[in-house]
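# okay, here's the prediction I keep looking at, along with the sequence it came from:
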Amino acid sequence: MSEQADFLLRNLPNLLIGLPGHRPGGLLMSLLLAVVGVGIGFAVAIVVGSAHTSRSRAVRWVAAGYVQVFRGVPLILLLLIVHQLLGSATVLGVVSTPLLSAFIALVLYSSSYQADIIYTGLRTVPTNLVDDARLMGSTRWEVYGHTKLPYSLRVMQPALTGQAITLFKDTSVVVILGVADLTTSARIVLGSDVTNAPYWVATYLTVGLLYFVVAFGLSRVARRGEKRLQRADLVHSLAKLG
Amino acid sequence: MIDWLTPETLNLLAHGVAVTIVLTLITSASSFVVGVVIGTLRLTDNRPLRLGAGAFVEVFRNIPALIQIIFWAFAFPSLFPQAARQAIFFDNAVVNWLGAVTGLSLPYYAVAACIGLVLNTSAHLAELFRAGVGTIPKEHVDAARTLGAGRRAVFWAILLPGGVRAAFPAITTRLIHNMKNTALVSFVAVPDLFHAVQGSITRSFRAIEFLTLAAVLYLLLAAAMSVLLRQIDIRLHRGRGRVRTG
């Protein structure tokens, strides 16, 4: 039993921040992947989700197609496709690496989910709110920027944080590109060496625990924040009245 | 024109699609049943059962499906002594029968992958079902109880159909997500569609063609599932309008 503990203790830094020479890696890399995927994905999602409500049919179709395609393909396949398409190309002055491919694929994947959430939110904005704003003399763009988008983001905030936490768990599949995240680090630590077989259970339980602590912890924090926000929020009382 | 699609790879892909479809059907149905059971346990008055079901949901929902699949396939058997391992997981009547029926060389890995997927998806479905039951007006339950319905009758006639009906759009989304997650079984050497695509690429070196084909196939599967589940959704709501206005 102490051998197990010894093995885990020796490899804990490798799981948390990556193996020497591959840092940042491990859990830190998983978090980094999720933050970039969710962050840039959010910006893309605002554009795509809003385009989905456009008055132009062509724009609407492109936005809907974007969501359908990137949401309908398994992330693991999307990672391979992006990596294959980039090849050894140089993107914006950066030589493509598996990490860059992972970032791009995660942004595409996460933005399609977030775009759909924002689109749903935009459609739930009460029409009288929009009409009132228009009556007050706001242009369509002003109504969108000052009324519809803030309303939709506030109402959809729980769904968006839920999606962000889901993406954190989904980053585990970047192991297919060999990006040194938590899952990949676990595989490297265990290696193909048969002598490490006794440590498989303990290592994967630890990895599972690390994912669990972050995902469960974040969802708890998010829920507490939402409750506090909802208690004194005009938008939410409006949303409840429907 | 399509010279990269040889009969050999076509055969490989066809088998892959079949495995993906079968895996999706098995894991969807099992996850639905387990999800409803766990979701129901979370609503019971029995405190240990309720807490146990809550722990099930949080644990299996918050650990990535890939980790769960690898754990059950590769890590779990190593808990058993070397001698027993072979007999329990890889060479016994049940496993051999499964191998003969499915044509899989290592049927235990497929079983392990299913366990991982079902635990993950059912934890999500349990939560959706519980939320669905939460939307049922309390008056419905009270009315039924007043009319003399027992707890079992209330569950089968109101909570179960009402909860599933309310949660069905979200359940649909999750089941399609589960279908995409079946691609992860290729990590434990189950010859699904994704595995077949990887195999075809190593044989032909035509990566982008096969990856695009795979994307199209997954999109078609997702579309087919969404049409199928939409039909079930419509059926679940059949006659509802009349009851409400009657």
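The structure has been received and is ready for your questions. Residues are numbered from 1 along each chain as shown, chains lettered A, B, ... in the order given.
# pull out the buried positions in stretch A:189-204.
Using 16 or more other CB atoms under 10 Å in any protein chain shown as the test for burial, stretch A:189-204 gives A:189, A:190, A:199, A:200, A:201, A:202, A:203, A:204. For glycine as for every other residue, the C-beta is placed from the backbone atoms N, C-alpha and C.
# turn these into JSON lines, including secondary structure.
JSON lines is the format used below for these (DSSP: H, G, I helix; E, B strand; the rest coil):
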{"residue": "A:189", "secondary structure": "helix"}
{"residue": "A:190", "secondary structure": "helix"}
{"residue": "A:199", "secondary structure": "helix"}
{"residue": "A:200", "secondary structure": "helix"}
{"residue": "A:201", "secondary structure": "helix"}
{"residue": "A:202", "secondary structure": "helix"}
{"residue": "A:203", "secondary structure": "helix"}
{"residue": "A:204", "secondary structure": "helix"}
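# so the nearest residue to residue A:103 once chain neighbours are set aside, which of the three states?
Excluding the flanking residues, the one nearest residue A:103 by CB to CB, 6 or more residues apart in numbering or on different chains is residue A:36, at 5.4 Å. At residue A:36 the chain is in helix, as set by three-state DSSP.
# do you know how far residue A:36 is from chain B?
If you measure residue A:36 against chain B using CB to the nearest CB, to the nearest Å, the figure is 18 Å.
# what packs against the one helix or strand residue A:39 maps to?
Assigned by DSSP states H and E, residue A:39 belongs to helix A:26-51. Helices and strands touching helix A:26-51, as assessed by 3 or more CB pairs under 8 Å, 6 or more residues apart in numbering or on different chains; DSSP states H and E, comprise helix A:2-17, helix A:57-72, helix A:98-123, helix A:157-170, helix A:182-190, helix A:200-231.
# got TSV for the ones you listed, with mean pLDDT and distance to residue B:141 too?
Output for those, formatted as TSV (pLDDT from 0 to 100; distance: least, CB to CB, whole Å):
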stretch	mean pLDDT	distance to residue B:141
helix A:2-17	88	48
helix A:57-72	96	36
helix A:98-123	95	30
helix A:157-170	94	27
helix A:182-190	92	44
helix A:200-231	91	26
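# just put those helices in TSV and tack on distance to residue A:149.
Converted to TSV, those look like this (distance: least, CB to CB, whole Å):
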stretch	distance to residue A:149
helix A:2-17	38
helix A:57-72	15
helix A:98-123	7
helix A:157-170	13
helix A:182-190	35
helix A:200-231	17
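# OK, contacts around residue B:67?
A:172, A:183, A:204, A:207, A:208, A:211 (CB atoms under 8 Å, 6 or more residues apart in numbering or on different chains).
# near chain B, which residues of chain A are found?
Within chain A, the positions near chain B by CB under 8 Å from any CB of the partner chain are A:68-69, A:72-78, A:80-81, A:84-85, A:169-170, A:172-173, A:175, A:183, A:197-198, A:200-201, A:203-205, A:207-208, A:211-212, A:215-216, A:219.
# just for chain B, where's the confidence low?
For chain B, applying pLDDT under 70 flags the ranges B:1-2, B:239-246.
# hey, which helix is longest across it?
When chain B is parsed with DSSP state H, its longest helix is helix B:7-41.
# continuing past that helix, what's the next helix or strand?
Next along from helix B:7-41, by DSSP H and E: helix B:47-62.
# list the buried ones in whichever helix or strand comes after that following helix?
Once the chain leaves helix B:47-62, the next helix or strand it forms, by DSSP H and E, is helix B:65-70. Of all the residues in helix B:65-70, those buried under the rule 16+ other CB under 10 Å are B:65, B:66, B:67, B:68, B:69, B:70.
# for the last one, give its distance to residue A:167.
Relative to residue A:167, residue B:70 is positioned 20 Å away (CB to CB, to the nearest Å).
# again, but for the fourth one
The span separating residue B:68 from residue A:167 equals 17 Å under the rule CB to CB.
# identify the residue nearest residue B:185 in space, chain neighbours excluded?
Nearest residue to residue B:185, sequence neighbours excluded (CB to CB, 6+ apart): residue B:113, at 3.9 Å.
# report the buried residues of the helix or strand that contains that neighbour.
Counting by DSSP H and E, the element that carries residue B:113 is helix B:107-134. For helix B:107-134, burial by neighbour count (16+ other CB under 10 Å) applies to B:107-130, B:132-133.
# could you pull up the residues touching the closest residue to residue B:125 other than its chain neighbours?
In space, residue B:125 comes closest to residue B:35 once its chain neighbours are excluded; the distance is 2.8 Å by CB to CB, 6+ apart. Contact analysis of residue B:35 by CB under 8 Å, 6+ apart lists B:121, B:122, B:123, B:124, B:125, B:126, B:128, B:129.
# likewise residue B:98?
Residue B:98 sits next to B:104, B:107, B:110, B:111 when contact means CB under 8 Å, 6+ apart.
# let's see it at 6 Å
For residue B:98, the contact set (CB atoms under 6 Å, 6 or more residues apart in numbering or on different chains) comprises residue B:107.
# thinking again about what came up before, any idea how many residues pack against the residue nearest to residue A:103?
18 (other CB atoms under 10 Å in any protein chain shown).
# ok, now residue B:56?
19.
# quick one: neighbours of the residue nearest to it when sequence neighbours are not counted, just the number.
Nearest non-adjacent residue to residue B:56, counting by CB to CB, 6+ apart: residue B:38, 5.5 Å away. As a burial measure, residue B:38 scores 23 neighbours (other CB under 10 Å).
# next, find the distance separating residue B:38 from chain A.
17 Å.
# that residue against residue B:52, yeah?
No. Look at residue B:38 against residue B:52 with CB atoms under 6 Å: they stay out of range, at 9.0 Å.
# show me which residues of chain B are close to chain A?
By the rule CB under 6 Å from any CB of the partner chain, the part of chain B lying against chain A is B:58, B:62-64, B:66-67, B:71, B:75, B:78-79, B:180, B:183, B:207-208, B:211, B:214-215, B:218-219, B:222.
# buried subset of those residues?
Looks like the residues of chain B next to chain A have B:58, B:62-64, B:66-67, B:71, B:75, B:78, B:180, B:183, B:207, B:211, B:214-215, B:218, B:222 buried, using 16+ other CB under 10 Å.
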